[in-house]
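# model this:
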Amino acid sequence: MVEPVEVANQINILGVRVHALTVALLHQQIDDEIRNGRHSLVLNVNVHCLNLAYELAWLRRLLNNARVVFCDGAGVRLGARILGYHLPQRITYADWIWQLADFCAERGHTLFLLGARPGVVQRAVERLEQRYPRLEIVGVQDGYFNKEREDSENKAVVEEINRLQPDILIVGFGMPLQERWLMENWERLDVHVALTGGAVFDYISGELRRPSSWMTNHGLEWLGRLVIEPRRLWRRYIVGNPRFLWRVLKERFNLLPGDLT
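Now for the predicted structure:
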């Protein structure tokens, strides 16, 4: 892993370093990574990710060794405020992917999309290219393959990515599978920047609908997602959100374990 750069003010939440970024600054940093030929992880954190990182030391190490970690959730911004910090913007993939596609089309950066069910990622490509005709998506691969590091299917996916040498690889397996896959394969991937997008291809393709704009604009997207997918997400939000706030309050009063401070 390369040493992280000082791209912006950094804060620490539950032992994870998070950069205080706007979309403009994030685009600037990604452009810099590509133009300077770096090999950089650009990761995002929401409440679910920070809960996972609290419990999984390998995930915490991966996040803290990434070039950039940006805020992808209103709950993370709230946690930062409780700790006396300010995160200027919540950059969530369902909105940001369109801005990123526009930025890449303008700058000529190429993409490889990896993840989602068969057919879904292809529909996502169609929608992106329809809106941004100059966008160059050099390759796609659904997420239904054996992801064991030494399995032949996994090696074939890595070889295809390396053959196409995209500037940006977007991995959408969901947390923490996507982070684990990148950790295990990162040193042999020939890409400049890797991003972790979760369900981003499902949103682009229209497979998964978003909550109302009122909810997403007022820090209640989690509630809207819970209503849409209660069976899959109830534990993440009903259990996870209070657990996160409790942990942040413990950090506020210096009550966290030593390896997280």
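
# confirm that Phe112 sits in a strand.
Yes. If the criterion is DSSP: H, G, I helix; E, B strand; the rest coil, then Phe112 is within a strand.

# my read: it touches Glu136, true?
No. The pair Phe112 / Glu136 is not scored as a contact, 10.3 Å apart, by Cβ atoms under 8 Å. For every residue, glycine as well, the C-beta is placed using N, CA and C.

# could you find the closest non-adjacent residue to Gly219?
Ala74 (3.6 Å; Cβ to Cβ, 6 or more residues apart in numbering).

# of Phe112 and Glu136, who's got more company?
Neighbours per residue (other Cβ atoms under 10 Å) separate Phe112 from Glu136, with Phe112 holding more: 22 against 14.

# now do the contacts for that one.
137-141, 161, 164, 166, 168-170, 191 (Cβ atoms under 8 Å, 6 or more residues apart in numbering).

# all strands of the protein, in order?
10-13, 16-19, 40-45, 68-71, 111-115, 137-141, 168-172, 193-196 (DSSP state E).

# can you tell me which of those comes nearest to Ala53?
strand 16-19 (5.3 Å; Cβ to Cβ).

# tell me the pLDDT of the residue nearest to Gly219.
Ala74 carries a pLDDT value of 92.

# again, but for Arg209
pLDDT, Arg209: 70.

# that one: neighbour count?
Neighbours around Arg209, by other Cβ under 10 Å: 11.

# got any ranges where the stretch 1-150 of the chain has weak pLDDT?
1-8 (pLDDT under 70).

# give me phi/psi at the residue of the chain positioned farthest from its centre?
Distance from the C-alpha centroid of the chain peaks at Phe253, with 29.1 Å (Cα atoms, centre = their mean). Dihedral pair for Phe253: phi -110, psi 20, per degrees, to the nearest 10.

# also Asp72?
According to degrees, to the nearest 10, Asp72 has phi -130, psi 60.

# tally of neighbours for it?
Neighbours of Asp72 using other Cβ under 10 Å come to 24.

# now swap in Pro257 and tell me
Using other Cβ under 10 Å, Pro257 has 9 neighbouring residues.

# do you know how far it is from Glu55?
Separation of Pro257 from Glu55 (Cβ to Cβ, to the nearest Å): 11 Å.

# check Tyr85 too.
Taking Cβ to Cβ, one finds Tyr85 at 22 Å from Glu55.

# neighbour-wise, which of those two wins?
Neighbour count, other Cβ under 10 Å: between Tyr85 and Glu55, Tyr85 has more, with 16 against 10.

# ok, that one touching Ile11?
Yes. Here Tyr85 reaches Ile11: they are 4.2 Å apart, a contact under Cβ under 8 Å.

# just the helices in the stretch 1-150 of the chain please.
23-35, 47-55, 57-65, 74-82, 93-107, 120-131 (DSSP state H, counting those that start in this stretch).

# any chance of those helices in TSV, plus distance to Ile238?
As requested, the helices of the stretch 1-150 of the chain are exported to TSV (distance: least, Cβ to Cβ, whole Å):
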stretch	distance to Ile238
helix 23-35	30
helix 47-55	12
helix 57-65	22
helix 74-82	13
helix 93-107	21
helix 120-131	27
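
# which one of these lies closest to Glu187?
Glu187 lies closest, by Cβ to Cβ, to one member of the helices of the stretch 1-150 of the chain: helix 57-65, at 12.2 Å.

# which positions within that closest one qualify as buried?
By 16 or more other Cβ atoms under 10 Å, the buried positions in helix 57-65 come out as 59-60, 62-65.

# for Ser205, give me its contacts.
116, 120-121, 123-124, 127.

# then Leu260?
Neighbouring residues of Leu260 by Cβ under 8 Å, 6+ apart: 14-15, 54, 60, 251.
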